[in-house]
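>>> what follows is a predicted protein model with its sequence.
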Amino acid sequence: MSVPAPVPGGLRNLLLAQSLSEFGFRVLGLALPLIAVSTLHASPFGVSLVGASQTVAFLVVGLPAGALVDRMRRRNVMVTCDLGRALVLATLPVAWQLHLLSVAYLCVLSLVFGVLTVLFDVADQTFLPQVVGKQDLVRANSRLIAIDSVAGVVGPGAGGVLINLITAPLAVIVGVVGYVWSAGCVLLIRVNERKPARARKPDLVHEIREGVHAIMADPLLRPLVLCSTTQTFFWSMAYTMLLVLLAGNLHTSAALIGLLLTVGSSGAIIATALVRRVNTAIGDANAVKLGMLLAPSTLLAPLVEPGWRLWLVAVSSFALNAGIVLYNVAQVSFRQRRVPDELLGRVNATVRFFAWGARPVGSLCGGAVAEYLGVRTSVWIGAIGTSLAFLWLYLSPLCGMRELPSVPEGADPAWN
């Protein structure tokens, strides 16, 4: 299936849509736990339920989301999800004013919000090739990831100031504005997007299987997904317990923890400025492998102790975040080039189901290991697992490649 030529101004509008949307998401990620702790005085388990509700949607609807998105116009899905998220968030300050807030309410809000976010993200990744063309995906993905990286550094700090000024329930209004802004920007993207052809009797299970099979049967996509899932699982395990180690065991102040993580996050910003040059200089297959070779930096994290060794967390996080950017820009762009448009939504959803769905599972496993073997041991296990994720790539055909081929060997020309 041919892909339309790049849409004039399309990437600019997509970047504008992402900017306030991402900032609003970061504020929300800080506001909801603070509401649970400060306003509702919830137990630690109650707070963890609110946090888990925000990511469990990737496991619950991750696979069906791709099949659903492949049946619809992706721009319409994105606009609907943005407006839906704005509406969901708008109920929170109203419930606060009416004294109807509860942990159960926050969990339901987080779950609905998470479902809409899964659908939006799958549609967004699938829509991008139609906006910029398949030849410009590295540049487009690097800019989108740059926005995410900047939001990751600036969002929590700015969100904290905002929450202090107007309280957490009212701070989510920023998110409402951000999602309405995002919907308007997406609407401005003038693309002649045809509605995907539908089977006479749509079979959701069959369509999901097609997306999973497209990955499992591809000798290059399969190791990439296994690598992403392994790294996400083990780093979620390590990261969750690293915070417990810093704050609980080593009695590090929240301000210093925030500073360490902010310095670490800056690695992603620097990498986004270099990623296109790296891809051009060494090839996208080598960029993927280089990104994963930075993952063993996580072995510094379990060595943290009071004093100067606290900064091992920042060094570890800096290298890991830089590597993730190099890896993600190359592998996402490759996936968008390689997979036919009519199948891309299901493939993107399958990748997110495994890679993002590993987050809550990894966090829970980290806590379970810490209960029996200790917090630092849990961080060590997570760091070691993260460091070894690269083996999926070095034991696959990717090992000897410089460039990632867009069309599978022996595939029909219509594949791409």
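Looks like it came in fine.
>>> list the contacts for residue 283?
By CB atoms under 8 Å, 6 or more residues apart in numbering, the contact list for residue 283 reads 401, 402, 403. For every residue, glycine as well, the C-beta is placed using N, CA and C.
>>> rerun at 10 Å
Residue 283 sits next to 289, 330, 401, 402, 403, 404 when contact means CB atoms under 10 Å, 6 or more residues apart in numbering.
>>> where does it fall, phi/psi-wise?
Main-chain torsions, residue 283, degrees, to the nearest 10: phi 90, psi 150.
>>> same check on residue 101?
Residue torsions, per degrees, to the nearest 10, at residue 101 are phi -70, psi 140.
>>> between the contacts of residue 283, which is closest to residue 213?
residue 404 (20.1 Å; CB to CB).
>>> mind checking the SS state of that closest one?
coil (DSSP: H, G, I helix; E, B strand; the rest coil).
>>> number of residues surrounding it?
For residue 404, the count of nearby residues is 22 (other CB atoms under 10 Å).
>>> please apply the same query to residue 302.
Neighbours of residue 302 under the rule other CB under 10 Å: 23.
>>> ok, residue 225 next?
By other CB under 10 Å, 23 other residues sit near residue 225.
>>> thinking again about what came up before, from the contacts of residue 283, which has minimum pLDDT?
For the contacts of residue 283, the weakest pLDDT value sits at residue 404, with 81.
>>> quick check: which element contains the nearest residue to that one once chain neighbours are set aside?
Nearest non-adjacent residue to residue 404, counting by CB to CB, 6 or more residues apart in numbering: residue 334, 4.3 Å away. Residue 334 is part of helix 311-338, with elements assigned from DSSP states H and E.
>>> tell me the helix or strand right after that helix.
The element immediately downstream of helix 311-338 (helix or strand, assigned by DSSP H and E) is helix 341-373.
>>> just checking, what packs against whichever helix or strand comes after that following helix?
Reading on from helix 341-373 to the C-terminus, the next helix or strand found by DSSP H and E is helix 375-387. Counting contacts by 3 or more CB pairs under 10 Å, 6 or more residues apart in numbering; DSSP states H and E, helix 375-387 packs against helix 221-244, helix 284-293, helix 311-338, helix 341-373.
>>> pull out the buried positions in the longest one.
Which is helix 341-373. For helix 341-373, burial by neighbour count (16 or more other CB atoms under 10 Å) applies to 341, 343-363, 365-367, 369-370.
>>> what do you get for stretch 63-80?
For stretch 63-80, the buried set under the neighbour-count rule, 16+ other CB under 10 Å, comprises 63-75, 77-80.
>>> please narrow these to those residing in helices.
63-69, 74-75, 77-80 (DSSP state H).
>>> so for stretch 268-285, mean pLDDT?
pLDDT averaged over stretch 268-285 gives 86.
>>> how many neighbours does residue 251 have?
For residue 251, the neighbour count with other CB under 10 Å is 8.
>>> can you check residue 210 too?
Number of residues near residue 210 (other CB under 10 Å) recorded here: 18.
>>> quick check: it touching residue 343?
Yes: here residue 210 reaches residue 343: they are 6.7 Å apart, a contact under CB atoms under 10 Å.
>>> identify the contacts common to the two.
Residues touching both residue 210 and residue 343 (CB under 10 Å, 6+ apart) are 66, 70.
>>> quick one, what contacts the residue nearest to residue 326 when sequence neighbours are not counted?
Nearest non-adjacent residue to residue 326, counting by CB to CB, 6+ apart: residue 291, 3.6 Å away. By CB under 10 Å, 6+ apart, residue 291 lies in contact with 227, 231, 271, 275, 278, 320, 322-331, 390, 393.
>>> again, only this time at 7 Å
323, 324, 326, 327 (CB atoms under 7 Å, 6 or more residues apart in numbering).
>>> same deal with residue 89?
172, 175, 176.
>>> reformat those as a markdown table; add secondary structure, pLDDT and distance to residue 248.
Output for those, formatted as a markdown table (DSSP: H, G, I helix; E, B strand; the rest coil; pLDDT from 0 to 100; distance: CB to CB, whole Å):
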| residue | secondary structure | pLDDT | distance to residue 248 |
| --- | --- | --- | --- |
| 172 | helix | 77 | 29 |
| 175 | helix | 78 | 30 |
| 176 | helix | 85 | 35 |
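>>> can you pull the poorly scored residue ranges out of the stretch 101-250 of the chain?
By pLDDT under 70, the low-scoring segments of the stretch 101-250 of the chain are 134-135, 149-168, 193-202.
>>> I'd guessed residue 170 sits against residue 93; true?
Yes: counting by CB atoms under 7 Å, residue 170 touches residue 93, with 5.6 Å between them.
>>> which of those two has more residues huddled nearby?
The residue with more neighbours, out of residue 170 and residue 93, is residue 93; 19 against 16, by other CB under 10 Å.
>>> the more buried one and residue 213, how far apart?
45 Å (CB to CB, to the nearest Å).
>>> ok, residue 350 next?
Counting by CB to CB, the gap from residue 350 to residue 213 is 9 Å.
>>> make a PyMOL selection of whichever of the contacts of residue 283 turn out to be buried.
Buried residues within those, by 16+ other CB under 10 Å, are selected in PyMOL with:
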select buried, resi 289+330+401+404
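>>> now tabulate the contacts of residue 283 in TSV and tack on distance to residue 306.
Formatted as TSV, the contacts of residue 283 follow (distance: CB to CB, whole Å):
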residue	distance to residue 306
289	36
330	38
401	45
402	45
403	47
404	45
